[in-house]
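Asker: Here is a sequence with its predicted model. Questions after.
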Amino acid sequence: QVQLVESGGGLVQAGASLRLSCAASGRTTSNYTMGWFRQAPGKQREWVAAINRSGDYTIFANSVKGRFTISRDNAQNTVLLQMNSLKPEDTALYYCAARLMGVARNVGDYPYWGQGSQVTVSS
């Protein structure tokens, strides 16, 4: 089993950047595909981005493509979500998630979750 802890959220103005970090511990974290999800108040949790185990394949939701990047450092057991050109609609609680199989986009595909990090973007 892997444990996940997110950090790096905060309150920023529209157009600013933030970088979220997900620290993983437990089983060999390089065995896990990692994903980022977000959930705004009153809305369902939605997938944002995912990265494969080696870090050479990434996918993004259309809503963040071109603005967000995802990367990982397996030696440091860390996954990063760099968020640029933030918009008010990016406001949400952001979650890091892990799974043992390949990249996936659905909440139900990920059995391991962090507690979330709040991102608030003001207009």
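Answerer: Thanks, I have the structure now.

Asker: For the spatially most central residue of the chain, list each beta-bridge partner.
Answerer: When C-alpha atoms, centre = their mean is applied to the chain, the residue found nearest the centroid is residue 36 (2.4 Å). Beta bridges link residue 36 to residue 49, residue 96 when assigned by DSSP bridges.

Asker: What residues sit buried inside stretch 24-35?
Answerer: For stretch 24-35, a neighbour-count test (16 or more other C-beta atoms under 10 Å) marks 24, 29, 32-35 as buried. (Glycine included, C-beta is placed from N, CA and C.)

Asker: tell me the contacts of the residue nearest to the centre of the chain?
Answerer: Each residue near residue 36 by C-beta atoms under 8 Å, 6 or more residues apart in numbering is listed here: 20, 22, 47-50, 70, 79, 81, 94-97.

Asker: repeat for residue 106
Answerer: Contacts of residue 106 by C-beta under 8 Å, 6+ apart are residue 47.

Asker: Could you do residue 80 as well?
Answerer: So residue 80 contacts 19-22, 70-73 (C-beta under 8 Å, 6+ apart).

Asker: Let's see that with 10 Å instead.
Answerer: 8, 19-22, 34, 36, 51, 69-73, 96 (C-beta atoms under 10 Å, 6 or more residues apart in numbering).

Asker: Alright, that wraps it up for me.
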